[in-house]
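>>> Model the structure of this input:
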Amino acid sequence: MTGLPRIHPRLAVYIAAALMAIPCSTDRDLHAQSASNPRFDALVSLTEATMKEYGVPGVALGIVADDAVTIRGLGVTNVEDPLPVTEHTVFPIASISKTFTATAMMRLVEQGKVDLRAPVRTYLPEFRVRDEAVSRDVTVWHLLTHLGGWEGQVSGPDRGTETLKNFIGSITDLMQVAPPGKAWSYNNAGFSIAGRVIEIVTGTPINRAMRDLVFQPLGLEHAGTTAGDFIVQRFAAGHTTRDGKTTLQRPFSASTSVTAGGVGLCITDLLAYARFHMGDGTAANGERVLKRESLEQMRTAQLRKLGTDDEIGLAWHIRHVGPIRTFGHGGTLGGHILLLEIVPERNFAIAILTNANTGWRLIQDVEREALKSYLGATYALNQAIAHRGLVETLPSVQPLARQPDPTPYLGTYARPSNSYVVHAEGGKMFVQDRPNGGGTPRESAVAFYGPDRVVVTDGQDRGQSIEFVRDDNGRVNWIRVVGRVAVRTP
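The predicted model follows:
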């Protein structure tokens, strides 16, 4: 390929006004890009425009390309006490933390302390969920791939160094929504359990274990896991934007599970971490942290997420976009929406950190333009998007001209917190979200755009993909909404 991919027409008016990128610190052998880069400048301008459009106060944007790191801080950390976002502003990275958990676990695998295929009870004899067979047989591998099958959207209270120990004792009645390995479903609980495994085999609290296994070996100077770590840094506070008004979220609530979503760090550290994952397993100081084979194992597809074209690695979500394969993870926490995405075969990475609940819209626009302008990769029509820790919609979708018979999909699908009722009326199909214990149901019209895949056609969730998943007998048995499955009731 020669020349640069064409820049999206929306960006043309911004290029002339784009500012030069802030050079990244070179104290860890990161090669800062000091000259103006038209592609990055255009990306910055798009980010600034979408910040205004979606009401996002602050963004940290970073690109690794052509062995150079380019970073830009935009906007402010806090609308009530504004400080400029810089290359060292700390953001809580929410579920991107799960890749740090898998990195720590792979270090323990190399040290011979953990076997990914060993039952969880090898390390946690007291581990139990509602299904005794699952409790006995589920493995560490299931934890790191969201394939345990129990309800995963649960967390426990903050008990300091006893948090994960207490969490293990609180999940003994977790509903099993699918057999292990059968229906991929985003699972925070699994990564909390993985954190307790790390604590047991290292003999240290998870905060120290993450520091010893990941932060310090990789030289991540601004990384932390507690509010105490964050308060001494320039910190990006979370915000809510609604009806055009942006307000500060009070109080800030860090994730109670370090390993499911509790890491925080600056974009400089996050891109150093990305470079490590695209490298040979050595840190910037030349010390060996992991074998190249372990990094490659994390990026090896473990299972296709049925109902989508995406796959899951060890924590990494794997997606094909045009000619490239991306490995990503997003995060959503307390008014922060974030993304880290790497393309090792092209030595490319992008990180976008935002401090507003509307940041997912910005991330979608900027990520897609970055892949197009830097790599010539464009999302295909009707390309299914699976959950990466943040809300996603289809960038372009065209429902099937001839809709299939809705009968195999009709019925009620249950989770502990809610149920989904799928029904047809007047030639259309609808998905109704009914909260358990009361509350107002929310109904969305949907249309098929592919086999077992529907898109919401109206309302606030317009463009969101919903997937149906079949069991081994070919029967539609689950519905997956925002990455989480509910099981069909009799």
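>>> How many residues are close by residue 40?
Residues within reach of residue 40, counting by other Cβ atoms under 10 Å, total 24. Yep, even glycine has a C-beta here, placed from its N, CA and C like the rest.
>>> ok, it to residue 47 distance?
Relative to residue 47, residue 40 is positioned 10 Å away (Cβ to Cβ, to the nearest Å).
>>> which residues do the two both contact?
Residues touching both residue 40 and residue 47 (Cβ atoms under 8 Å, 6 or more residues apart in numbering) are residue 72.
>>> So residue 478: helix, strand or coil?
With DSSP: H, G, I helix; E, B strand; the rest coil as the basis, residue 478 sits in strand.
>>> Mind telling me what element residue 363 is part of?
For residue 363, the enclosing helix or strand under DSSP states H and E is helix 359-375.
>>> Quick one, grab the pLDDT at residue 66.
pLDDT recorded at residue 66 is 86.
>>> neighbours of it, just the number please.
Residue 66: 13 surrounding residues under other Cβ under 10 Å.
>>> What sits closest to it if chain neighbours are left out?
residue 347 (7.6 Å; Cβ to Cβ, 6 or more residues apart in numbering).
>>> Would you confirm that the one you found contacts residue 64?
Yes: using Cβ atoms under 8 Å, residue 347 is in contact with residue 64, at 7.0 Å.
>>> any shared contact partners between those two?
Residues within reach of residue 347 and of residue 64 at once, by Cβ under 8 Å, 6+ apart, are residue 278.
>>> the more surrounded of the two?
residue 64 (26 against 15).
>>> three-state assignment of that one?
Three-state call for residue 64 (three-state DSSP): strand.
>>> For the nearest residue to it once chain neighbours are set aside, list each beta-bridge partner.
The shortest distance from residue 64 to any non-neighbouring residue, by Cβ to Cβ, 6+ apart, is to residue 349 (4.0 Å). Per DSSP bridges, the residues bridged to residue 349 are residue 64, residue 342.
>>> For the spatially most central residue of the chain, grab phi and psi.
Nearest to the mean C-alpha position of the chain, by Cα atoms, centre = their mean, lies residue 330 at 2.4 Å. The phi/psi pair for residue 330 (degrees, to the nearest 10) reads phi -110, psi 180.
>>> Look up how far residue 103 lies from residue 213.
Taking Cβ to Cβ, one finds residue 213 at 8 Å from residue 103.
>>> Which helix or strand lies directly C-terminal to the helix holding residue 363?
Following helix 359-375 toward the C-terminus (DSSP H and E): strand 411-414.
>>> for that next one, the distance to its chain's centre please.
26 Å (Cα atoms, centre = their mean, to the nearest Å).
>>> How about stretch 453-464?
The gap between where stretch 453-464 is centred and where its chain is centred comes out at 21 Å by Cα atoms, centre = their mean.
>>> measure that stretch end to end?
Stretch 453-464 has its terminal residues 10 Å apart, counting by Cα to Cα, to the nearest Å.
>>> What of stretch 138-156?
21 Å.
>>> Pull out the buried residues from that stretch.
138-152, 154-156 (16 or more other Cβ atoms under 10 Å).
>>> circling back: can you give me every residue that contacts the residue nearest to the centre of the chain?
Residue 330 touches 94-96, 337-340, 360, 363, 388-390, 392, counting by Cβ under 8 Å, 6+ apart.
>>> mind redoing it with 6 Å?
Residues near residue 330 by Cβ atoms under 6 Å, 6 or more residues apart in numbering: 339, 388, 389, 390.
>>> same deal with residue 83?
Applying Cβ under 6 Å, 6+ apart, the residues near residue 83 are 77, 234.
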